[in-house]
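Peer 1: What follows is a predicted protein model with its sequence.
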Amino acid sequence: MTDVADSTDTEMVGRPRRDADEPRLIDEELADRLITQAQEQGVELLGDGGLLKQMTKAILERSLAIELSDHLGYDVGDPAGSGSGNSRNGTTPKRLMTETGHVDLDVPRDRSATFDPQTVRKGQRRLDGVDKLVMGLYARGMTVRDIQSQLKETFDLSVSHDLISKITDGVLEEVKEWQNRPLDRVYPVIFRDAIVCKVRHEGSVRNKAAHLAVGVDGEGKKEVLGIWVETTEGAKFWLRVMNELKARGVEDVLVVVCDGARASPSDTSVRSGARD
């Protein structure tokens, strides 16, 4: 990411134009330092603390929990479990290797030790294809049918349609919580970038661009604000993205950093010229 859109007077859509004498919530000198810091550190999608690893852990553990509920015949806290003869019995740590490195899971277990999970099988130490699954799930634009197909393919699931539906619903709940979570009021810097990932759509796997908006807060901490799968990147697309961020609580951004893209009406105020 090398260029900052030069857009002196553009504002976030739906906001009144800022008066020239109105004080900023974050000064531009701080924004400059945050840009430098974020560019030096990079956006952590991979690695031990990376976003992809966190997403993978959340999806796998949610799927395993749903499988155990299906095996026991009742959900957590359901009175139906009283006197059923079997119950939840904590978790067992498991390290699973994926394309993005190892993921440490807490695998749920039952007291009678009859639970045989399919999402991550007993003795399984590696799971391939989970990176494209996770990116596809967290990016807006996937249909329920696409998600079910991708789950069955990645996990090689040979389970009932009812169980795959339950897993899909649970995974979607996990994903929607992340997609719709409230955001900070102010991000001094937002980076716009994209990575190519394989996404299942209408029965075939295609390479698609997953567009990311990455915010840097006032303490220099980076946060992926959202992921969107879009065939064509343009002003209308980013207008929709910025309106979504606004609806989730973002009120002000000082600098929008993008890679080789010109300023669009969706960008917030940027009062600095192009930077290397």
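Peer 2: Thanks, I have the structure now.

Peer 1: For this protein, just list every one of the helices.
Peer 2: 28-41, 51-72, 130-138, 144-155, 161-179, 235-247 (DSSP state H).

Peer 1: mind checking which of these is nearest residue 105?
Peer 2: helix 51-72 (5.8 Å; C-beta to C-beta). (Each C-beta comes from the backbone N, C-alpha and C, glycine too.)

Peer 1: Run the chain-centre distance for the closest one.
Peer 2: 15 Å (C-alpha atoms, centre = their mean, to the nearest Å).

Peer 1: and if you look at stretch 164-180?
Peer 2: 12 Å.

Peer 1: just to revisit the earlier point, could I get the helices of the chain as TSV with mean pLDDT, distance to residue 87 and mean neighbour count?
Peer 2: Output for those, formatted as TSV (pLDDT from 0 to 100; distance: least, C-beta to C-beta, whole Å; neighbours: other C-beta atoms under 10 Å):
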stretch	mean pLDDT	distance to residue 87	mean neighbour count
helix 28-41	57	45	15
helix 51-72	89	7	21
helix 130-138	75	29	23
helix 144-155	78	25	18
helix 161-179	86	19	16
helix 235-247	89	42	17
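
Peer 1: Switch these over to CSV; also include distance to residue 253.
Peer 2: Listed next are these as CSV, based on distance: least, C-beta to C-beta, whole Å:
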stretch, distance to residue 253
helix 28-41, 9
helix 51-72, 20
helix 130-138, 22
helix 144-155, 31
helix 161-179, 19
helix 235-247, 8
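
Peer 1: between the ones you listed, which one is nearest to residue 79?
Peer 2: Taking C-beta to C-beta, helix 51-72 is the member of the helices of the chain nearest to residue 79, at 13.0 Å.

Peer 1: Just the angle for the closest one relative to helix 161-179, thanks.
Peer 2: 140 degrees (axes from the mean of the first three to the mean of the last three C-alpha atoms, to 10 degrees).

Peer 1: From the contact counts, what lies against helix 51-72?
Peer 2: If you count contacts as 3 or more C-beta pairs under 8 Å, 6 or more residues apart in numbering; DSSP states H and E, helix 51-72 packs onto strand 88-98, strand 101-110, helix 130-138, helix 161-179.

Peer 1: repeat that with 7 Å
Peer 2: strand 101-110, helix 130-138, helix 161-179 (3 or more C-beta pairs under 7 Å, 6 or more residues apart in numbering; DSSP states H and E).

Peer 1: Contact partners for the residue nearest to residue 225 when sequence neighbours are not counted?
Peer 2: Leaving aside its chain neighbours, residue 225 sits nearest to residue 213 (4.5 Å; criterion: C-beta to C-beta, 6 or more residues apart in numbering). Residues near residue 213 by C-beta atoms under 7 Å, 6 or more residues apart in numbering: 190, 192, 225-226, 241, 245.

Peer 1: Looking at these, which one is closest to residue 256?
Peer 2: Scanning the contacts of residue 213 for proximity to residue 256, where the rule is C-beta to C-beta, the winner is residue 190, at 5.2 Å.

Peer 1: how deep is the closest one tucked in, by neighbour count?
Peer 2: 23 (other C-beta atoms under 10 Å).
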